[in-house]
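> fold the following.
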Amino acid sequence: MGLGLKRAALGASVAAWAAALLVIHDLGHTDPATLNDATAWARLGAAAGFGAAAYGAPLLVLVGLTGRLRRARTGRVEDPLAPLSSCAGLASALILAVAALTSASERHGAPAAGSAAWALEAGIILAGAAACGSGTALLAAAAGRTRRPRLALLGLASLPVLSALPAAISIFAAAAGAGPQTPSSAAPPEAPDIILIVADSVRADALGDGEGQRLGTPALQALAERGVRFSAAHAATSRTAPSAASILTGLLPSAHGLTVPEERLVAGAHTLASALHERGYATAAIIASPWVKSAMDLSRGFDTWDEDQDGRLPAHHRRALFSRILRASGLFDEVTRPRPASRIVDAALKRLSRPRGQPLFLYLHLADARDPYDPPEDLARRADEGYAGSLQLEPGTLDRILKGELAASPVDLAHAKALYEAEVAAMDREIGRLLAVLEGPLASGRALAVFTSSHGEEFMDHGSLGHGRTLYQESVHVPLLIAGGALAPGTTVEMPVSLLDLPATLIDLAGLPPGPGGEGRSLAAAARGGTRDAGPAPTVIMEGIFTGNETGALRAGAARRGSLKVILSQPNAFGMGPWRREAFDLGKDPEEASPLAVLPKEAERLESEIRSRLGIPERRADAR
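Model (predicted):
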């Protein structure tokens, strides 16, 4: 082998080896929560492939340039392994830079690119990286003078990733234990596919036939006419992530543990996906909402979980060193806007077109109706043709209105609600495409289709906008439609129910044995025969766990039985003073405009049940 060819081969080997070290670093920083399903090895393989491409080519060019520069300076051909010291320094510098940039960007927020703060921070990081790289190169040169220089250089260049190896080992162990789990039993041959559609921010009165509204929701109206409408369904809370967790587990937020975005499901929470998987179902989720994440362990029990909002590779591999450098330096902005329903339905239709080897549980989570409301242009024009105001809905606009930073007239607020209804109509249009494909399976009993919402949306009904701030009906009264199988078309169940009941209900309607856990009960009897066979009216419990910048209180609880509803809430964020109590007769006052002045005995029993279920100390509440 000629010297040139040998030098090129060794240079390529050095570049490949250095790239492999950086890939190991990336794998060691993989989020273990993304490896809890059957795609764990595929995820790691994709991350390794992305890293090899991102680092391999630049390092190969760098090694070649380093060799050429050295030959130009010295006028002679050096040992082909000499670039190893530069690669060691480069790896050290990159990892140091990423650590600093990650700390700045993920913990404190990256300064705007080009700003004085950005220039100062970049200068400090580059100086530190240069010092680290130079020091490593000097040590490498010293090691080169030992009796075994190649072995010394090899050990020295490995130093930058030694800290990542323990994490990488744990990641590989997690992937090894996250492969496909064998179902404990096979699903019956007649078991139907279950398509669960959950939409953010769709309050119950947002659905309609268009007669009393500018726009309607004909696809969802048709679904209700084909099956059962629960006209008094209630979400467990008024925030997205904890409500989604309650839908999947049948547990209240304080029981499943996911009460703030940084938390995860408690270890013992058994999900609907887990129960169906154990009974022979394939389980898949396609998620539009950025607030419903695998990192929260909501993917527990799913064979596949698709939550990618941004399809670009740096976003798909957001924890990779290369992606973090791009993001922290301001060269790459990740799209966090939810995927529209059109893309979610496209992905769902693709998943449903696969051969049916086993029944499928498909969970779709849509987020079109969240603010800022930006419906398709044709629906936006129809929603509020006469609007002549200047309100521009952008991220944070509703918060600015509530804080008094932005003036909004009643006409402006009516315009915002009209755009919201247009978003719901646009989502309905896409759901119609999905239901058209499911028409045959629904009619034959080979599929169950469910539509509901994680919470409602407020439009100053009680002095607030958006969601996550109260437990009034506009925040927790949501649609619940179930169609397919033996359900009688056009049935309406007026009994108050909770979305905590969904896991037990769907398992029952699918003809499967009951699953463990959950606080809800099966609504299958009510769905098949109305309220006659539904048993005694249950108490529906709702829980509000808020954050201090969203509401004055940190916690609230509500209960409804029949038409009576009681809401308990902390007086302030410090929990000082008696809890506030409000009671409403929803039969006479469905908008909760006038709290009852004289409380019936039943209100005290509901209050006691709220305190018992939510662990609220027995303290006197002020009646209002």
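> wasn't G456 part of a strand?
No: judged by DSSP: H, G, I helix; E, B strand; the rest coil, G456 forms no part of a strand; its state is coil.
> enumerate every residue touching it.
Under the criterion of C-beta atoms under 8 Å, 6 or more residues apart in numbering, the contact partners of G456 comprise 201-204, 206, 235, 238, 467, 473-478. C-beta coordinates here come from the backbone N, C-alpha and C atoms, glycine included.
> ok, the residues you listed vs M427, which is closest?
Taking C-beta to C-beta as the measure, M427 lies nearest V202 of the contacts of G456, at 7.8 Å.
> hang on, the earlier thing: tabulate the contacts of G456 (TSV), appending neighbour count.
What follows is the contacts of G456, written out as TSV (neighbours: other C-beta atoms under 10 Å):
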residue	neighbour count
S201	28
V202	29
R203	25
A204	21
A206	27
A235	31
S238	31
H467	27
Q473	24
E474	24
S475	29
V476	31
H477	23
V478	27
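> of these, which is the nearest to E405?
Sorting the contacts of G456 by how near they are to E405, with C-beta to C-beta, puts H467 at the top with 19.6 Å.
> mind listing what that closest one touches?
Residues counted as contacts of H467 (C-beta under 8 Å, 6+ apart) are S201, S238, R239, T240, H455, G456, E457, E458, S475.
> three-state assignment of F361?
Going by three-state DSSP: F361 is strand.
> you'd agree it is up against I194?
Yes: counting by C-beta atoms under 8 Å, F361 does reach I194; the two are 4.8 Å apart.
> which residues do the two both contact?
The contact sets of F361 and I194 overlap at L276, Y281 (C-beta under 8 Å, 6+ apart).
> those two: which has the busier surroundings?
Between F361 and I194, counted using other C-beta atoms under 10 Å, the more crowded position is F361 (26 against 23).
> from S201, how far off is the more buried one?
Using C-beta to C-beta, to the nearest Å, one obtains 24 Å as the distance from F361 to S201.
> also S390?
Between S390 and S201 the computed distance is 24 Å (C-beta to C-beta).
> and what of S294?
In this structure, S294 lies at 22 Å from S201, with C-beta to C-beta as the measure.
> same question for R605.
Counting by C-beta to C-beta, the gap between R605 and S201 amounts to 32 Å.
> repeat that for V424.
Using C-beta to C-beta, V424 is found at 9 Å from S201.
> now list whatever residues contact both of these two.
Residues touching both V424 and S201 comprise A369, with contact defined as C-beta under 8 Å, 6+ apart.
> wait, isn't A288 in contact with I344?
Yes: A288 lies in contact with I344 (C-beta under 8 Å); the separation is 5.0 Å.
> overlap of the contact sets of the two?
Common neighbours of A288 and I344 (C-beta under 8 Å, 6+ apart) are L364, L366.
> need the strands for the stretch 251-400 of the chain, in chain order.
If you assign secondary structure with DSSP state E, counting those that start in this stretch, the strands in the stretch 251-400 of the chain sit at 282-287, 304-306, 360-366.
> which among the ones you listed is found nearest to P218?
When the strands of the stretch 251-400 of the chain are ranked by distance to P218, counting by C-beta to C-beta, first place goes to strand 360-366 at 16.9 Å.
> what are the contacting residues of that closest one?
For strand 360-366, the surrounding residues in contact (C-beta under 8 Å, 6+ apart) are 193-200, 244, 248, 272-273, 276-277, 281-289, 292, 302, 338, 341, 344-345, 348, 351-352, 427, 454.
> walk me through the domains of the protein.
The chain breaks down into these structural domains: 3-176, 193-289+338-551, 552-624 (assignment by automatic domain parsing).
> rank the ones you listed by mean pLDDT and give me the bottom one.
Between those, the one with the least mean pLDDT is domain 3-176; it has a mean of 61.
> what's the neighbour count on L554?
The number of residues packed near L554 is 17, by other C-beta under 10 Å.
> right, and it touches P571 too?
No: here L554 lies out of contact with P571, judged by C-beta under 8 Å, at a distance of 10.6 Å.
> pull up the overlap in contacts between those two.
With C-beta under 8 Å, 6+ apart as the test, L554 and P571 reach no residue in common.
> of the contacts of G456, which belong to strands?
The members of those that map onto strands under DSSP state E are H477, V478.
> distance to F546 for the contacts of G456 - can I get that in TSV?
As requested, the contacts of G456 are arranged in TSV below (distance: C-beta to C-beta, whole Å):
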residue	distance to F546
S201	16
V202	20
R203	18
A204	22
A206	23
A235	14
S238	9
H467	11
Q473	17
E474	16
S475	11
V476	13
H477	18
V478	18
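> you'd agree M460 is up against L413?
Yes: with contacts defined as C-beta under 8 Å, M460 counts as touching L413 at a distance of 5.9 Å.
> which residues do those two both contact?
Common contacts of M460 and L413 (C-beta under 8 Å, 6+ apart): none found.
> does E543 count as helix, strand or coil?
Reduced to three states by three-state DSSP, E543 is strand.
> what's opposite it in the beta bridge?
In this structure, E543 bridges to G557 when assessed by DSSP bridges.
> if we can go back for a sec, which of the contacts of G456 fall within helices?
Helix and strand membership here follows DSSP state H; of those, those in helices are Q473, E474, S475, V476.
> mind listing what the second one touches?
Right, E474. Under the criterion of C-beta under 8 Å, 6+ apart, the neighbours of E474 are R203, G456, E457, E458, F459, D461, H462.
> and what of the last one?
Contacts were defined as C-beta under 8 Å, 6+ apart; by that measure V476 touches H234, A235, T237, S238, H455, G456, M542, A558.
> how much space between it and S498?
10 Å.
> with the first one instead?
Separation of Q473 from S498 (C-beta to C-beta): 14 Å.
> again, but for V260
V260 sits 22 Å away from S498, going by C-beta to C-beta.
> what does L599 give?
Taking C-beta to C-beta as the measure, L599 and S498 are separated by 23 Å.
> between the contacts of G456, which is closest to K565?
Taking C-beta to C-beta as the measure, K565 sits nearest to Q473 out of the contacts of G456, at 7.8 Å.
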